[in-house]
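Visitor: Build me a structure from this.
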Amino acid sequence: MLRYVYFIAGLLCASLAAADDCVDCHKKTSPGIVADWQVSRHSQTKDGATCATCHGKAHKGMDDAKLAKMPTAETCGACHDKQETQFRKGKHAHAWTALQAMPTTHMLPMQLSSGMKGCGGCHKMGIKSKDELARIKNEGGAHGNASCDACHTRHTFSKKEAQQPQACQTCHMGFDHPQWEMYSSSKHGVRYLLKQNGILPETTAAPTCQTCHMQEGNHEVRTAWGFLAVRLPLSDEPQWKADQITILQALGVLDLKGNPTGRLDAVKAADVARLDAASFQKERDKMLKTCTQCHAESFAKGELEKGDEVIRQADHLLAEAIRIIAGLYKDGILEKPAGYASAFPDLLTFHDAPRPIEQKLFVMHLEHRMRAFQGTFHANPDYALWYGWSEMLQDLAEIKEMAENLREKHASFKKTMRK
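Guide: Next up is the predicted model:
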């Protein structure tokens, strides 16, 4: 027994000595990393992680730096199994898969996609296969391994940092998902930022992103409406059901006959949308439980139902715009792009849409519709109204006028050709 204790102690000493070697060298080459590591909890516990725990032992000096392994979610899961298991079940774990599945991804300049300066800058946190990890490393983008460290920034890996709403700000902001802008300028966000600054006391009721979307620290991070505010089963209300079908067809998850496609299979596999009433209600009940920590249940239900209603009305505007452009394809006024899976404009082409009218639809869908319903759910009046709903009305008006002009030009051209 004593011999075993000496053996373990010897391994620990060797590990700590190796860590000291890493620190001595990296103090010269990357002092900021060392400073972060030295204040981390990992470095301050006797049985904590060492440099070799995450990076392996193959890297010995500057000449063999490429031999240093880059940590993945599995690396963290060796010690944080519960959190990794939750993470793998959630939407964030599928961020990389979703990025690769989007048609638009493969139209980006390499400097944006491989350089992690475009969508990959955030979507890199998703789980990747060994082949994908090898490809990323060969392309010089080893930082694309990021998963846990997207929120728990390396090398401090701070739990406290990841619990702050600013940890979400890096990704959840901007064109198609301005949740930070909505939250931080809402009453919820303002109160929390004042609480952070010490202006309001610690006992102040002020929810963060994590309060609502990571209840009790759950790393799944789900919402009831999920993927682009589409869900199954479809509404019982005839007009909304028709609008939902149109949108699902433009997203390519239903074909012209309303049958599911391979894209729907991908959505199911990633579990990023609620595809039955029970899974939707499960997430809605979790949110209600959170809301009723501060609000009456009747008030919380009413506010969430307002969000549902905004989605219904926004869907009607978007579906009308989709049908207008689909009509231009059908009547031969616009040539349908070869890459489009159906007779509908493809909402997943994003900025690769070929003409101004399709670009306008892209902006209507991904910018203004998202702002309308997300602004409502995030209790931000300006985003819901002026940056969302009002813009959608203007988008539809412009699409109608553009379609009319295109039809007039087409009719004039045909008339000229007959002469």
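Visitor: Where does pLDDT dip in the stretch 101-250 of the chain?
Guide: 114-115, 140-144 (pLDDT under 70).
Visitor: repeat that with 90
Guide: Applying pLDDT under 90 to the stretch 101-250 of the chain flags the ranges 101-125, 128-147, 154, 222, 226-227.
Visitor: Show the contacting residues for His106.
Guide: By C-beta atoms under 8 Å, 6 or more residues apart in numbering, the contact set of His106 is Ser113. (C-beta placed from N, C-alpha, C; glycine too.)
Visitor: Spell out the residue ranges of the helices in the stretch 251-400 of the chain.
Guide: For the stretch 251-400 of the chain, the helices defined by DSSP state H, counting those that start in this stretch occupy 262-270, 277-291, 297-330, 356-363, 370-377, 381-384, 390-418.
Visitor: which of those is buried the deepest?
Guide: The highest mean neighbour count among the helices of the stretch 251-400 of the chain, using mean count of other C-beta atoms under 10 Å, belongs to helix 370-377: a mean of 25.
Visitor: For that helix, name the packing helices and strands.
Guide: helix 179-184, helix 297-330, helix 381-384 (3 or more C-beta pairs under 8 Å, 6 or more residues apart in numbering; DSSP states H and E).
Visitor: helices or strands up against the last one?
Guide: It stands for helix 381-384. In terms of contacts (3+ C-beta pairs under 8 Å, 6+ apart), helix 381-384 is packed against helix 370-377.
Visitor: ok, 10 Å please
Guide: When contacts are defined as 3 or more C-beta pairs under 10 Å, 6 or more residues apart in numbering; DSSP states H and E, helix 381-384 sits against helix 179-184, helix 297-330, helix 370-377.
Visitor: Return the last one as PDB; C-alpha atoms alone will do.
Guide: Output for helix 370-377, consisting of C-alpha atoms alone and laid out as PDB, is shown next (Å, rounded to 0.1, in the frame of the first residue of the first chain):
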ATOM      1  CA  MET A 370     -36.600  37.400 -35.700                       C
ATOM      2  CA  ARG A 371     -36.700  40.800 -34.200                       C
ATOM      3  CA  ALA A 372     -40.500  40.900 -34.100                       C
ATOM      4  CA  PHE A 373     -41.000  37.700 -32.100                       C
ATOM      5  CA  GLN A 374     -37.800  37.700 -30.100                       C
ATOM      6  CA  GLY A 375     -38.300  41.300 -29.100                       C
ATOM      7  CA  THR A 376     -41.700  40.300 -27.800                       C
ATOM      8  CA  PHE A 377     -40.400  37.400 -25.800                       C
END
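Visitor: and His59, what does it touch?
Guide: For His59, the contacting residues are 22, 51-52, 65-69, by C-beta atoms under 10 Å, 6 or more residues apart in numbering.
Visitor: Swap in 6 Å and give it another go.
Guide: 67-68 (C-beta atoms under 6 Å, 6 or more residues apart in numbering).
Visitor: Same list (the helices and strands packed on helix 370-377) but as CSV, adding distance to Glu367.
Guide: Output for the helices and strands packed on helix 370-377, formatted as CSV (distance: least, C-beta to C-beta, whole Å):
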stretch, distance to Glu367
helix 179-184, 12
helix 297-330, 12
helix 381-384, 11
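Visitor: out of those, which comes closest to Lys360?
Guide: helix 297-330 (8.0 Å; C-beta to C-beta).
Visitor: Report the angle between the closest one and helix 370-377.
Guide: Going by axes from the mean of the first three to the mean of the last three C-alpha atoms, to 10 degrees, helix 297-330 is angled at 170 degrees with respect to helix 370-377.
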